[in-house]
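Engineer: need a structure here:
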Amino acid sequence: MSEVRLADCLERLNPVLQSLSFGEQPQYGQLDPEVLRGLEPEMGFVVRSLATSGAADQKIAAFQLMGLLDREDFVRDLSAGVDSAQQWERIEAIRALGRMTHPRAHAILRRASKHPELQTRRAASAALKAWGG
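Structural biologist: Residues are numbered from 1 along each chain as shown. Okay, here's the model as predicted:
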């Protein structure tokens, strides 16, 4: 792993990290997914590091970045989020999966649409609707 590329990852993610530091909702649309994908494997390391944070805002950001990056290997991480005991974590993982194009993401959303908890089912149904079904 390159220290220079890790620094570049943090620089590219600065708009998200800056928003989090001010308690604001990050504008993920300002990020260029192709540029971020070009910084692999360091970008994956940074995003997964955020996902292991004990801070909910950082974990949410990690999930949304996983969805934005649309990498198949992130589907497993987000699936674990859908299985969380925490409602907010399930919903954020579902929202991130809803941004992805992988068939496994779609299958997890279908499974989540049958979750016993109403808000989780609603989030999954909304994500499936955005997928077109």
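Engineer: was I right about Ile91 contacting Ala126?
Structural biologist: No. The pair Ile91 / Ala126 is not scored as a contact, 9.8 Å apart, by CB atoms under 8 Å. In this view, the C-beta of every residue, glycine as well, is placed from N, C-alpha and C.
Engineer: mind listing the helices for this structure?
Structural biologist: 3-12, 14-21, 33-37, 42-51, 56-69, 73-82, 87-97, 103-112, 118-131 (DSSP state H).
Engineer: contact partners for the spatially closest residue to Val46 that is not a sequence neighbour?
Structural biologist: Leaving out its chain neighbours, the residue that sits closest to Val46 by CB to CB, 6 or more residues apart in numbering is Cys9, at 4.7 Å. With contact set as CB atoms under 8 Å, 6 or more residues apart in numbering, Cys9 has these partners: Leu36, Leu39, Glu42, Met43, Phe45, Val46.
Engineer: pull out the buried residues from those.
Structural biologist: Buried subset of those (neighbour count, 16 or more other CB atoms under 10 Å): Leu36, Leu39, Glu42, Met43, Val46.
Engineer: looking at the residues you listed, spot the one nearest Arg110.
Structural biologist: Comparing those against Arg110 with CB to CB places Leu36 closest, at 27.7 Å.
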